[in-house]
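Asks: kindly return the folded structure for what I paste below:
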Amino acid sequence: MTIEEAQKQVDEWINTTGVRYFSELTNMAILTEEVGEVARIMSRKYGEQSFKESDKEVDLGDEMADVLWVLLCLANQTGIDLTKAFERNFEKKNKRDINRHKNNEKLK
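Replies: Residues are numbered from 1 along each chain as shown. Below is the predicted model:
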């Protein structure tokens, strides 16, 4: 699935099953909440925190997909074509960071 297809499918789902989009500010709060859920899993799986019994069955991929879902919602609501935005972002990184990481002593 392309980013464009994902945006369209989310929009179709929201406008049928979901009834309507939440407000942009509500979706921003939801995005923050979902990123927090990813952070909680990461800190327990890869960091020093231990899992609570209730957290042992969490699915990192599903939580990342939740983040992507809300990001796609926000892009749709604000008229952002994420495919074009991502392509522009790649161009920016290729110009700005062409040697940045190669010359970073911390990465050697």
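Asks: ok, now which ones touch Q77?
Replies: Going by CB atoms under 8 Å, 6 or more residues apart in numbering, Q77 touches 21, 24, 27. All C-beta spots, glycine's among them, are computed from the backbone N, C-alpha and C.
Asks: how far away is the residue lying closest to R40 once chain neighbours are set aside from V35?
Replies: Ranked by CB to CB, 6 or more residues apart in numbering and with sequence neighbours excluded, the top spatial neighbour of R40 is D55, at 7.2 Å. Distance of D55 to V35, computed by CB to CB, to the nearest Å: 16 Å.
Asks: just read off the phi/psi values of D97.
Replies: phi -110, psi 20 (degrees, to the nearest 10).
Asks: contacts only, for the nearest residue to D11 once chain neighbours are set aside.
Replies: Take D11 and drop its neighbours on the chain: the residue closest to it by CB to CB, 6+ apart is N76, 5.0 Å away. Listed by CB under 8 Å, 6+ apart, the contact set of N76 reads 7, 10-11, 14, 21.
Asks: can you map out the helices along this structure?
Replies: 3-16, 24-45, 60-78, 82-96 (DSSP state H).
Asks: would you reformat those as TSV and include distance to L107 and mean pLDDT?
Replies: Below are the helices of the chain laid out as TSV (distance: least, CB to CB, whole Å; pLDDT from 0 to 100):
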stretch	distance to L107	mean pLDDT
helix 3-16	28	98
helix 24-45	21	96
helix 60-78	25	98
helix 82-96	15	94
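Asks: neighbours of D81, how many?
Replies: Counted with other CB atoms under 10 Å, residues neighbouring D81 total 14.
Asks: my read: it touches K8, true?
Replies: No - the pair D81 / K8 is not scored as a contact, 11.1 Å apart, by CB atoms under 8 Å.
Asks: that older thread, could you dump the helices of the chain to TSV with distance to N104?
Replies: Output for the helices of the chain, formatted as TSV (distance: least, CB to CB, whole Å):
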stretch	distance to N104
helix 3-16	29
helix 24-45	23
helix 60-78	27
helix 82-96	13
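Asks: deepest of the ones you listed, which one?
Replies: helix 60-78 (a mean of 16; mean count of other CB atoms under 10 Å).
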